[in-house]
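# Below: sequence and its predicted model.
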Amino acid sequence: QEARIFNETPINPRRCLHILTKIIYLLNQGEHFGTTEATEAFFAMTRLFQSNDQTLRRMCYLTIKEMANISEDVIIVTSSLTKDMTGKEDVYRGPAIRALCRITDTTMLQAIERYMKQAIVDKVPSVSSSALVSSLHMVKGSYDVVKRWVNEAQEAASSDNIMVQYHALGLLYHLRKNDRLAVTKMLNKFTKSGLKSPFAYCMLIRIASKLLDETEGGHDSPLFDFIESCLRNKNEMVVYEAASAIVHMPNCTARELAPAVSVLQLFCSSPKAALRYAAVRTLNKVAMKHPSAVTACNLDLENLITDSNRSIATLAITTLLKTGSESSVDRLMKQISSFVSEISDEFKVVVVQAISALCQKYPRKHSVMMNFLSNMLRDDGGFDYKRAIVDCIISIIEENPESKETGLAHLCEFIEDCEHTVLATKILHLLGKEGPRTPQPSKYIRFIFNRVVLESEAVRAAAVSALAKFGAQNDDLLPSVLVLMQRCMMDSDDEVRDRATFYMNVLQQKQKALNAAYIFNGLSVSVPGLEKSLHQYTLEPSEKPFDMKSVPLATAPITEQKTEMAPVATSKLPEKLAPSRQDIYQEQLAAIPEFQGLGPLFKSSDQVQLTEAETEYVVRCVKHTFVRHMVFQFDCTNTLNDQLLQKVMVQMEPSESYEVIQYVPATSLPYSQPGSCYTLVRLPDDDPTAVSCTFSCTMKYLVRDCDPNTGEPDDDGYDDEYVLEDLEVTVADHIQKVLKPNFGAAWEEVGDEFEKEETFALSSVRTLDEAVGNIVSFLGMQPCERSDKVPENKNSHVLFLAGESPVRRLNSPVPLVAKRASVTLSVRKKEKRTGGVQSRLERAQSSKTTLMLRSMAPPAVDALD
Amino acid sequence: MDSPILEPSLYTVKAVLILDNDGDRLYAKYYDDTYPTVKEQKAFEKNIFNKTHRTDSEIALLEGLTVVYKSNIDLFFYVIGSSHENELMLMAVLNCLFDSLSQMLRYLNSLGGTHNNNSQTTFSFYRKNVERRALLENMEGLFLAVDEIVDGGVILESDPQQVVHRVALRGDDVPLTEQTVTQVLQSAKEQIKWSLLR
């Protein structure tokens, strides 16, 4: 539009300039120019090259660069630019080069190559720098052309001008970075000759540390010495770069860190905020790995806490929290609380995280932390901030039983005026879980019922559930809870009313088992699984209602859900913990016709490596357990690019009375594409000892050589085989982990009549921790109520485990009576199917004992059953 | 350690921003694709401004980027780099930008004093400071200066003297006579235009 003025003669530099400025300004504001519009303006602009006004010319260059992307035919100005680039006027030449390089492509580059080479070695620094930097930009597009300029760049690197040096070094490195030898040579040369530019030094340090990292060279190499020597450089920039390079080096010893840290310590007292910030940030990183190395700086860091820049202060504090000793924690906490209201939410979250890390380190300090956190909780803050605090408090409560009461009290207070529904429900859930077991559960009821009165629907519903838990666990509170429930039944929201009515009825039954089933260990089924089964149900309209307990397996072949009869004639779905992965496998297996009659998938194990990682073929196995069968899925990868494998299958030789029924081969296995083959095995029905089994596996296949490049296989192949490592099936494969939030209730639910007690000796186990870990992984059951964490300085521990096997439900708490002496194992089982399954039940149980014997020799078994 | 060793590179600066004291963009140049669209850029600028305009500290960590900044009267200067970048390098860029701008404006000021006495357009040259008004009047100087300091993310020059020299705003080595002639011509045109407009 206004570009028409360009066509006026004589050219009016001032006004044109003004318009160019306007154009650039508009581009800058994010205004969008249409292509035709831009091209028009561009053409008009080319006329401006006739003018000799310097600023105008320079603005032209700038506009060319800005518009290079949006307008067409920018190439036409090439000749003008080339003329300027080689002209006499130095002021034009640098910018002209940069503008030109912006608009040329590889083919055009050939034409100006000669000029570029000249420019790189030009005496005028700005020209040389411009040429070097432009070359660097063009390395991306046309590496080959720029590569030919290495010699010129080399010459430029020995220039006197500091910036030219820096740019030349950068370009040289980019051209040679794939050639480690050349980089090393270059480094050697420059470290010896010494550079003037601080920027170039920083670059050198970076290259050197990269090289050190790649070669994994020891820290005694000349490169490391070079970096260390840079710590004594005059320029702060270089010193900092060197220090941070040392800090970031992996496996650095404390001694090597010391000089870097002391330099950073000096920076901490610098008047420049940026320098202080840089130093503290780096020290913070050091503190993560080597807290002891930073202790020397503690004093300086403490001064920084009062820094006017809050970022610096926060970093200083978190660093101190990491390095500080237990005794200094109190003081620090006080200091933080003095300024915590002034920093932004993001930093507050950082502080909270640091505190929660600290709590794990010094559990005894929890009372201080708790006070601090509750104060923070009272302050204003966004959702993320509050959530971080709540998470932190909850984790403290879980770690420290002593802090439970104060923590819960703080949380109760918090939900009194909490506008975040998610947090409120989360806390209510926690209250319901932990509250009833505290000495004075009654005081929490008030808080919870307040929620019922005051809050939104979701919170009210959660509060009702929490109330029910109180009522179920504390008999003396039951009447009052029932009264409260009655009131909730008048609620305006359906969900709340439903829950209240439901809990009301359950509670009035006053049956432990009912309480356990409905209130403590609610349904925790795999949601997609449930959805699928319901979907299936709606697809097959039938007369009977969708009753979980009565849906036989046959009507829902693809569902994962087994439905089973619980003793008190209620329905309960089996819990699944790893639904997503398992559902994927379920789908995969269901797609294979051979496996369709197997019933629902019970459990899929983790992947087991059957080969070394770097061999010709990589085979991994996943064990899928069904009610009466097991399917082994072998994920094979062919790592030879000159072979095509066909008809791959894994032959299995069982050691026990397992019976291999069928192999499903993978038809073809090209290079680096994983394929799966399957082996179907039937579990023995009669032999009770055969839960565990070892299979020796051999992979058999037809090899066809093929061209590594084209992948064309030869016509003929030959049979070959490859021996894999043995595969073991253990007890854990038959047991699904189940998390029982309230173990005691689940234990009672099973009942006494299924109890069985046996004693085993664990001779190879040294500590309680180890014993617990072994038992958990061996049985493949889920430890409940965090009983897998053994408190210190105790010599007996009770471990709660819950699990479920295909035909039975098994809850076995394992009381460890003495440290590494004997284990009393008491097993309770719940029988879910009567009659014919009895023998399988026996099998599973007795085999378990034999297994325990085998792994925990020498057997000092005292079978108490 | 969470931050891997840096790939040595000359690409240091991710963006150069100048905002006014309402947080609106006066100048913005992004050198990589961290914020590809204008919308994202504006959002980022808003965020950055909210975080920084109240404090007088000069460095912050924001959205995983290191931001060094400086405020002067009614302007905010920002230089933005990756969080792994050497903070001091960014600081050098910021200082260079600020110093060269203030030198240029001061220079223009003296220039304006010598031979402009009839033009309304140049009165702002009397102001010494780097402020919004003065910068808007000398947008082309700003563009050229930033272009000389950072090229495509690479630091091109960090010495303000050099930058000012290279930007070489008019009057530097153009003969004074020619300068004044154009100037007079210009102001005459300006006068005519103004009278026409009225």
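Sure thing, it's come through. Residues are numbered from 1 along each chain as shown, chains lettered A, B, ... in the order given.
# what about the strand or helix carrying A:Leu181 and chain B, any contact?
Secondary structure assigned from DSSP states H and E places A:Leu181 in helix A:180-193. No - Helix A:180-193 lies out of reach of chain B by CB under 8 Å from any CB of the partner chain, never closer than 9.5 Å. C-beta here means a position set from N, CA and C on the backbone, and glycine is covered the same way.
# The nearest residue to A:Glu228 once chain neighbours are set aside: what secondary structure?
Closest residue to A:Glu228 apart from its sequence neighbours, by CB to CB, 6 or more residues apart in numbering or on different chains: A:Pro259 at 6.4 Å. Following DSSP: H, G, I helix; E, B strand; the rest coil, the label given to A:Pro259 is helix.
# Got the confidence number for A:Pro259?
Listed pLDDT for A:Pro259 reads 76.
# quick one, what contacts A:Lys272?
B:Glu58, B:Met91 (CB atoms under 8 Å, 6 or more residues apart in numbering or on different chains).
# Could you pull out the helices in chain B for me?
Remark: helices assigned in chain B by DSSP state H are B:38-52, B:87-115, B:132-137, B:139-149, B:160-167, B:176-197.
# elements contacting the shortest one?
Based on contacts counted as 3 or more CB pairs under 8 Å, 6 or more residues apart in numbering or on different chains; DSSP states H and E, the elements that helix B:132-137 packs against are strand B:25-30, helix B:87-115.
# report the angle between the axes of the first one and helix B:139-149?
Think strand B:25-30. 30 degrees (axes from the mean of the first three to the mean of the last three CA atoms, to 10 degrees).
# Tally up the residues packed near the nearest residue to A:Thr501 once chain neighbours are set aside, please.
Counting by CB to CB, 6+ apart, A:Thr501 lies nearest to A:Met489, which is 5.6 Å off, once chain neighbours are set aside. Neighbour count for A:Met489, taken as other CB atoms under 10 Å in any protein chain shown: 15.
# do the same with the one 4 residues further on
Applying other CB under 10 Å, we find 14 other residues in the vicinity of A:Asp493.
# just checking, it touches A:Ala462?
No - using CB atoms under 8 Å, A:Asp493 and A:Ala462 do not qualify as a contacting pair, with a distance of 12.0 Å.
# Output the below-cut-off pLDDT ranges for the stretch 101-250 of chain A.
By pLDDT under 70, the low-scoring segments of the stretch 101-250 of chain A are A:105-108, A:193-195, A:215-221, A:250.
# any idea how far A:Met59 is from B:Phe143?
Using CB to CB, to the nearest Å, B:Phe143 is found at 7 Å from A:Met59.
# Looking at the two, which is more packed in?
The residue with more neighbours, out of B:Phe143 and A:Met59 and counting by other CB under 10 Å, is A:Met59; that gives 28 against 23.
# List the contacts of that one.
Contacts of A:Met59 by CB under 8 Å, 6+ apart are A:Leu17, A:Leu20, A:Thr21, A:Ile24, B:Glu140, B:Phe143, B:Leu144.
# and what of A:Val247?
A:Leu257, A:Ala260, A:Val261, A:Thr282, A:Lys285, A:Val286.
# which residues touch B:Ser9?
B:Ser9 neighbours (CB under 8 Å, 6+ apart): A:Gly170, A:His174.
# what about 10 Å?
A:Leu136, A:Gly170, A:Tyr173, A:His174, A:Lys177, A:Met203, A:Arg206, B:Ser82, B:Glu85, B:Gly153, B:Val154 (CB atoms under 10 Å, 6 or more residues apart in numbering or on different chains).
# and which of these is nearest to A:Leu431?
Of all these, B:Ser82 has the smallest distance to A:Leu431: 44.7 Å, by CB to CB.
# just checking, that closest one touches B:Leu62?
No - look at B:Ser82 against B:Leu62 with CB atoms under 10 Å: they stay out of range, at 12.0 Å.
# And the host helix or strand of A:Ile427, what does it pack against?
Assigned by DSSP H and E, A:Ile427 belongs to helix A:421-434. Packing partners of helix A:421-434 (3 or more CB pairs under 10 Å, 6 or more residues apart in numbering or on different chains; DSSP states H and E): helix A:383-399, helix A:404-416, helix A:442-454, helix A:457-473.
# would you turn those helices into TSV with mean neighbour count, mean pLDDT and distance to chain B?
Listed next are the helices and strands packed on helix A:421-434 as TSV, based on neighbours: other CB atoms under 10 Å in any protein chain shown; pLDDT from 0 to 100; distance: least, CB to the nearest CB, whole Å:
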stretch	mean neighbour count	mean pLDDT	distance to chain B
helix A:383-399	20	73	14
helix A:404-416	20	71	27
helix A:442-454	18	69	34
helix A:457-473	24	71	31
